[in-house]
Each structure stands twice: as C-alpha cells, then as structure tokens.
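Structural data only, the sequence is not supplied:
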C-alpha cells in the first residue's frame, strides 16, 4: 500500500516535570540535564528526533528550565577557549548539541499533565501530524523505533503509539492497550489499538502491552484534548484522548501501535537510570574496555565480601573478560 498521508515533520518534547524522584540533585538542575555518561539525557532524545528527520523540535518547559535552552544554544566563550587550546575533539562535542536542529521553547505554565503539555504545542504544530517524545525514555540509537512509527503513521494515517511487553504483575504501573491485528500479515509488529487504560487497577489491565514514551499523533488530538476532563491524578491524560480516538476513528483516524522489542532505558527511575549509565558506558569504545574490566572486578569483590571471602589486593584491574549487562524487557 503506497503512502497516502502527510509525514510528521515536527517533534514535541514535554520537559516541564520537577524530577522529584531525583531530589536533591534536581533542586536546581532540570532532571532532563542529568548526565547519562557524558551527555544530558535530553540530548539523546533530541538526537533521536533529528536522526528520524524531525529537525523542528519544540520543548514544553516550565520554571527553572533555563539550562535546557543554554545547552542547545551556542557557547561562544567556551568554543573560543577550546579553539585556542586546539582541543578539536571537545569543540566538536560542545557544538554538536547546538547543531542538531531548530529547537523552540514554550512554557506550560500550569502543569496539568501530559495531555495539557501536548495541548500547549498546538500553536507551533498547527494542523499537521507530529511526534511526541518523553524525555524519561531513551531509545537506543541502533533501534529505529521512531522512524518505524513515522512510516506506519504515513501509511495508515491517524495516530501511532509505541508498546512494550511488561510483566503482567507490573501492568498497573503503565498505560495499557487493548489491541487486535492490524490486518496486514507483513506488518507483524503493528497492531490496531481498540482501547487504552491509564494505570489500570491491578489485575484489570486489558493486556501486558504497555505504552512507552513515543507517539506520532494526528492533529485532531488537540480537539479531543480540549474537551478531555482531568483523569487519573487530577491531570489531563494523553491516554484518555487517544482512547477516544481509538474508539471512534472518525474523530481523527485510527490508532495503531508498533510493538517495540529493542533497547530502552528508563531514566525517570533511579535504579534504571544507573543501569542505563552502566550499559551505555560499557558499549563505548573509549570507555568500555577499562570500565567493563573494573566492573567485573567490582562485582567479584562485592560477591566475595558478601560471602565472607577475602576481597582481594585492591590493585586496579586492566584486563579481563567483558561483563554482559542484562537488558530490561
């Protein structure tokens, strides 16, 4: 089936949250600026958008988020200093964030939930489809989830959400989808969404397919959001608006889902944030070999200490077998 719908060209990144789970680190620093190895988490998200062809990015921010604007702006004094020192490698890394694309900003003002944050983007997005990327979810650059979602939206129209399988006992922590086959045997990772429930009561989830932080939305979602009452937590939920679109495609096209089976890092949870740093550091060519060797020694020493065995000499380890770091489903 040839593409018959316009392709999304703009990305929206809600970034107004207070990051209370990371206090006191986020008392004066936006949670989006917390480093994942040596780049702030938000840069990975913007890179994903621009690598997918969305070089017009709108960030929906709030108070105390000025650091986001500074990071994606030019730093002339720093660049000049690095040029004088002849440090071309660091100069390129500093300039990279300001050359990703055109980044715009709008204040959410009154934080009333994800649905309200998306609604704040309407004047910038207009009447075209657009992508929404949540800053807490990092998708490995090798897994082209957003590009796949853009392709599906261009093929079928309407909106597209990303789903991942989760343990059924944890389904109540997510928005969950009821689905059926999309009707195309060639698209085995694509499903038709028939219902969505935001954080269902334990044991009542329609499936173990959880919504993760990537969406490609039809502009009609704005009309639905404007009349969507506050839902769970007293906030305007994007899930509730998508549920209405899924139930009545005449409002703005169908809602499809791409089932993602790749690498995702949840930087909104402290434990998962630490695991993301370890995983990505292990895979870096410049950091990985030494870091994996140290990690292997640390794990062995920690296990020995726990079991009451001698811990070791304390000498640094420079060689050893790499540690295989598990992947969260």
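Sure, I can see it. All values derive from a computational prediction rather than experimental measurement. Residues are numbered from 1 along each chain as shown.

need the contact list for residue 161.
177, 193, 196, 211, 214-215, 242, 255-258 (Cβ atoms under 8 Å, 6 or more residues apart in numbering). Every C-beta, even on glycine, is put in place using the N, C-alpha and C of the backbone.

So which bits of stretch 25-35 are buried?
26, 30-34 (16 or more other Cβ atoms under 10 Å).

what pLDDT, on average, does it get?
Mean pLDDT, stretch 25-35: 91.

about what we covered before: and the contacts of residue 161, which is closest to residue 87?
Nearest to residue 87 among these: residue 214, at 35.6 Å, using Cβ to Cβ.

in a strand, that's where that closest one is, yeah?
Yes. Applying DSSP: H, G, I helix; E, B strand; the rest coil, one finds residue 214 inside a strand.

ok, it to residue 173 distance?
Distance of residue 214 to residue 173, computed by Cβ to Cβ, to the nearest Å: 18 Å.

related to what we said a few turns ago, so of the contacts of residue 161, which ones are in helices?
If you go by DSSP state H, the contacts of residue 161 have residue 242 in helices.

Enumerate every residue touching the residue positioned nearest the centre of the chain.
Against the mean C-alpha coordinate of the chain, by Cα atoms, centre = their mean, the closest residue is residue 137 at 2.7 Å. Counting by Cβ under 8 Å, 6+ apart, residue 137 makes contact with 45, 212-214, 264-268.

how about a cut-off of 10 Å?
41, 44-45, 48, 145, 162, 164, 212-214, 264-268 (Cβ atoms under 10 Å, 6 or more residues apart in numbering).

tell me which residues form a beta bridge with it?
Beta-bridge partners for residue 137, by DSSP bridges, are residue 266.

I'd like to know the phi and psi angles of the closest residue to residue 256 other than its chain neighbours, please.
Nearest residue to residue 256 in three dimensions, chain neighbours excluded: residue 160, at 5.0 Å (Cβ to Cβ, 6 or more residues apart in numbering). Main-chain dihedrals, residue 160, degrees, to the nearest 10: phi -140, psi 130.

Isn't residue 160 up against residue 153?
Yes. Using Cβ atoms under 10 Å, residue 160 is in contact with residue 153, at 4.7 Å.

what's the overlap in contacts for these two?
Here residue 160 and residue 153 share the contacting residues 8, 129, 131, 215-218, 253, 256, 258, scored by Cβ under 10 Å, 6+ apart.
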